[in-house]
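Engineer: Model the following, please.
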Amino acid sequence: MLKLYILLQLILLWEIGTSSDEYFQADFQTPDPPESIVAEYQASFIQHTWDRYQTSQITTGMIYASSQLRLLRLDTAYRGIVASTLLDYDKTNVDGTVPASIYSLSPTTAAQPSCQILHIQPSYPLFSPNILSVYGAIFIGSVRDEFFYTDHGALQAWQLIITNDENAVFYLNRNHTLIRYDYSTPIRNTYGTIRLFNIIPETPNITIFSNPCSSNVTYIRDRNKEYL
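Structural biologist: Just a heads-up that it's a prediction; the model follows:
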């Protein structure tokens, strides 16, 4: 009987000490944003963006991200265009745009490659490990998203304002890895959603960030000595 009594007391204490992050539960408590999330990784992705002007675009490809190196590479395929874009966040402009070196093949992969150097507002950000805590992200619920996965369980959704005209929601799995990213820009009347899969949570090899269109290949390689 004594053992049964102790067991019941332990169960009672456990129930009192636990809380829920599900809507409309009496024991709901807002969790604190994680101090660190995975910010060094490579992954496959699919992205759908649209706006109120009837523009709709679905893009697939690969992402290579290094918060330490301040570099992001996107390899994409869209309507016959194959492109590799290198974003150098170390050179972010005052207006928030980022230099992008774009190496593309169009209309087929047999075409002569072309280069462009543009300053763009990226639809997918390079983020630091502590972005949610630094930006004061608010927890908006646990969400099941089985677009690619059926066994990762509920994702924690965190909303934050990245810039004056861009709202974002980070969806994290139990390992604090980004699985889904939604964003909206009311000023540009644009909305987008991105799913990540085949995720490898590690710093990509520095050679991955070489781009034929960039004039900074030597600079990027030298930067490796500073961070790695």
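Engineer: What is the end-to-end distance of stretch 153-173?
Structural biologist: Start and end residues of stretch 153-173 are separated by 8 Å (CA to CA, to the nearest Å).
Engineer: Now it: buried residues?
Structural biologist: By neighbour count on 16 or more other CB atoms under 10 Å, the buried set for stretch 153-173 is 155-160, 166, 168-173. Heads up, the C-betas are built off the backbone N, CA and C, glycines and all.
Engineer: just stretch 118-137 next, same as before
Structural biologist: Quick answer for stretch 118-137 (16+ other CB under 10 Å): 121-129, 131-133, 135, 137.
Engineer: Save those residues as TSV, and put in distance to Ile81 and secondary structure too.
Structural biologist: Supplementary listing: these in TSV, determined by distance: CB to CB, whole Å; DSSP: H, G, I helix; E, B strand; the rest coil:
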residue	distance to Ile81	secondary structure
Gln121	20	coil
Pro122	18	coil
Ser123	16	coil
Tyr124	17	coil
Pro125	22	coil
Leu126	23	coil
Phe127	26	coil
Ser128	31	coil
Pro129	33	coil
Ile131	30	helix
Leu132	34	helix
Ser133	38	helix
Tyr135	33	coil
Ala137	34	coil
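Engineer: Tell me the one of the residues you listed nearest Ser210?
Structural biologist: Within the buried residues of stretch 118-137, distances to Ser210 taken as CB to CB reach their minimum at Leu126, with 17.3 Å.
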